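J.: Need a 3D model of the following:
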Amino acid sequence: MLGVSVQTLRGMVRAGEIRFISVGKRRRFAMSDIEKFIDKNRVSIPAPRGRPVRSHAPSSQVIGFEEALARHEKRKRPPHKR
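T.: Take a look at the predicted model:
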């Protein structure tokens, strides 16, 4: 449920990070203790600092074929003279 190995879980028990119940030679974990551990170790991502990032790209426009052709013709370079 925690997604950790048995060795990691044993280390967490030794460190007192999570509680367990002894049943004979076995250790059992109460769901409430697991949930408390999860809540205690829950991490949230902090909000970014500084100014918001803005795109400098112009907004896109949909243009017709004729206008696109006219724009292309304007950008054409004159033929290179040899």
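
J.: drop to CA atoms for contacts and neighbour counts, all remaining ones
T.: Fine.

J.: quick one: terminal-to-terminal distance for stretch 13-22?
T.: 12 Å (C-alpha to C-alpha, to the nearest Å).

J.: Contacts for that stretch next, please.
T.: With C-alpha atoms under 8 Å, 6 or more residues apart in numbering as the test, stretch 13-22 has contacts from 12, 27-30, 33-34, 37.

J.: With pLDDT, secondary structure and neighbour count as new columns, can these be given to me in CSV?
T.: Output for those, formatted as CSV (pLDDT from 0 to 100; DSSP: H, G, I helix; E, B strand; the rest coil; neighbours: other C-alpha atoms under 10 Å):
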residue, pLDDT, secondary structure, neighbour count
Met12, 92, helix, 13
Arg27, 91, strand, 12
Arg28, 92, strand, 12
Phe29, 92, coil, 12
Ala30, 92, coil, 12
Asp33, 91, helix, 13
Ile34, 90, helix, 16
Phe37, 89, helix, 15
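
J.: In the residues you listed, find the pair that's most separated.
T.: Arg27 and Phe37 (16.2 Å; C-alpha to C-alpha).

J.: follow-up on the earlier one: can you lay out the contacts of stretch 13-22 as JSON lines showing distance to Val62?
T.: As requested, those are arranged in JSON lines below (distance: C-alpha to C-alpha, whole Å):
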{"residue": "Met12", "distance to Val62": "59"}
{"residue": "Arg27", "distance to Val62": "66"}
{"residue": "Arg28", "distance to Val62": "64"}
{"residue": "Phe29", "distance to Val62": "61"}
{"residue": "Ala30", "distance to Val62": "61"}
{"residue": "Asp33", "distance to Val62": "58"}
{"residue": "Ile34", "distance to Val62": "55"}
{"residue": "Phe37", "distance to Val62": "54"}
